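Colleague: starting from these lines, generate the structure:
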Amino acid sequence: MSGHSKWHSIRRTKGVIDQRRGQLFTKLARDITIAARAGGSGDPEMNFRLRLAVDKAKASNMPADNIQRAIDRGTGKGGEANLEEIYYEGYAAGGIALLIEAATDNRNRTNADIRAAMTKGGGSPGEPGSVSWMFALVGLITIDRAGTSLDADEVMLQAIDAGASDVDVSDEVIEVYTEFRQLAAVRSALLAAGIPVTGAEKLMRATTLVQADTADALRALRLIERLEDLDDVQKVYSNLEVTDEVAEQFAGA
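Modeller: Predicted coordinates:
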């Protein structure tokens, strides 16, 4: 399982996602708002990035009224301050690269919050471009295997035939990676083949993962968690290879 899935599983095991549903809805709403503005349309059928954001919000049981308000804000109907999408770069313990995706209506506040979290968590901010070259924008399609009789080899063949660039299989989940512009087409092809797609999203994927000793890996995960708990931070990407041992230790902390 990739570091992305391991991190999500850790957060789920620790109950973080469910405990902080209000914060989750805020982040989902910001995803929707930015997608509506970036795609130039409040219609999910005409704006694929918005479709992904809305589907993700619905899967998390976000109320329809909240979703519509977020769309309205993105299309200029909400009368609120504009959100902007910003990427911050930096390093965790052991030189582990961090790419921090934020959505904010107050850049000064977000700058200060992220810098403070980095300092307290033993990290260091980086200059623009210092780590972003280590990541590539891709599409990620997730297929849960738990409780299903899915043939992983068949799913892999279907995904590759549909245009996937990589497929990662574990006992729990199948992750299908695509070029971002191919995400909609591959997702549609898998659904048409009767494959139960759990989720689809954009992802900044590390081109090369690095191994770190256990102490540095745990410090890095604690910093990522600290950053993701900030209201303005949407996601944190890293090039850390999360081993089973590290995942288990962090989940039990």
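Colleague: so which residues of the stretch 151-253 of the chain form helices?
Modeller: 152-162, 183-192, 214-228, 244-251 (DSSP state H, counting those that start in this stretch).
Colleague: pull the residues that contact the first one.
Modeller: Pointing back at helix 152-162 there. Residues outside helix 152-162 that contact it (CB atoms under 8 Å, 6 or more residues apart in numbering): 141, 143, 145, 167, 169, 174, 176, 185-186, 189-190, 193, 195. Heads up, the C-betas are built off the backbone N, CA and C, glycines and all.
Colleague: in a markdown table: the residues you listed, plus neighbour count and distance to T26.
Modeller: Listed next are the contacts of helix 152-162 as a markdown table, based on neighbours: other CB atoms under 10 Å; distance: CB to CB, whole Å:
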| residue | neighbour count | distance to T26 |
| --- | --- | --- |
| I141 | 24 | 25 |
| I143 | 21 | 28 |
| R145 | 17 | 31 |
| V167 | 20 | 33 |
| V169 | 17 | 33 |
| I174 | 24 | 30 |
| V176 | 29 | 29 |
| A185 | 15 | 31 |
| V186 | 25 | 30 |
| A189 | 17 | 33 |
| L190 | 22 | 30 |
| A193 | 13 | 35 |
| I195 | 20 | 32 |
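Colleague: just the helices of the stretch 151-253 of the chain: most buried one?
Modeller: helix 214-228 (a mean of 20; mean count of other CB atoms under 10 Å).
Colleague: picking up where we left off before, distance to I67 and mean pLDDT added to the helices of the stretch 151-253 of the chain, as TSV?
Modeller: Listed next are the helices of the stretch 151-253 of the chain as TSV, based on distance: least, CB to CB, whole Å; pLDDT from 0 to 100:
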stretch	distance to I67	mean pLDDT
helix 152-162	28	92
helix 183-192	20	93
helix 214-228	22	93
helix 244-251	31	82
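Colleague: could you dump those to CSV with distance to A38?
Modeller: Rendered in CSV, the data for the helices of the stretch 151-253 of the chain read as follows (distance: least, CB to CB, whole Å):
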stretch, distance to A38
helix 152-162, 25
helix 183-192, 15
helix 214-228, 22
helix 244-251, 33
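Colleague: closest one to Y87 among those helices?
Modeller: helix 214-228 (12.6 Å; CB to CB).
Colleague: how many residues are close by the spatially closest residue to A185 that is not a sequence neighbour?
Modeller: In space, and not counting its chain neighbours, A185 is closest to G163: 6.1 Å by CB to CB, 6 or more residues apart in numbering. Close neighbours of G163, defined as other CB atoms under 10 Å, add up to 15.
Colleague: same deal with I96?
Modeller: I96, neighbours per other CB under 10 Å, totals 26.
Colleague: go on, the one 3 residues further on?
Modeller: Neighbouring residues of L99 were enumerated by other CB under 10 Å; the total is 21.
Colleague: now swap in the one 5 residues further on and tell me
Modeller: The burial metric for T104, expressed as a neighbour count using other CB under 10 Å, is 23.
Colleague: coming back round to it: of the contacts of helix 152-162, which pair is most distant in space?
Modeller: R145 and A185 (22.9 Å).
Colleague: helix or strand with the lowest mean pLDDT in this structure?
Modeller: Across the helices and strands of the chain, mean pLDDT, DSSP states H and E gives its lowest value to helix 16-19, namely a mean of 49.
Colleague: related to what we said a few turns ago, list the residues that contact the residue nearest to A185.
Modeller: Here G163 is in contact with T178, E179, Q182, A185, V186, A189 (CB under 8 Å, 6+ apart).
Colleague: and it, how far is that from A35?
Modeller: Taking CB to CB, to the nearest Å as the measure, G163 falls 22 Å from A35.
Colleague: leaving out the residues flanking it, which one is nearest to Y88?
Modeller: Nearest to Y88 is I100, by CB to CB, 6+ apart, at 4.1 Å.
Colleague: so for the strand or helix carrying that neighbour, what gets flagged as buried?
Modeller: Per DSSP states H and E, I100 falls inside strand 97-104. Using 16 or more other CB atoms under 10 Å as the test for burial, strand 97-104 gives A97, L98, L99, I100, E101, A102, A103, T104.
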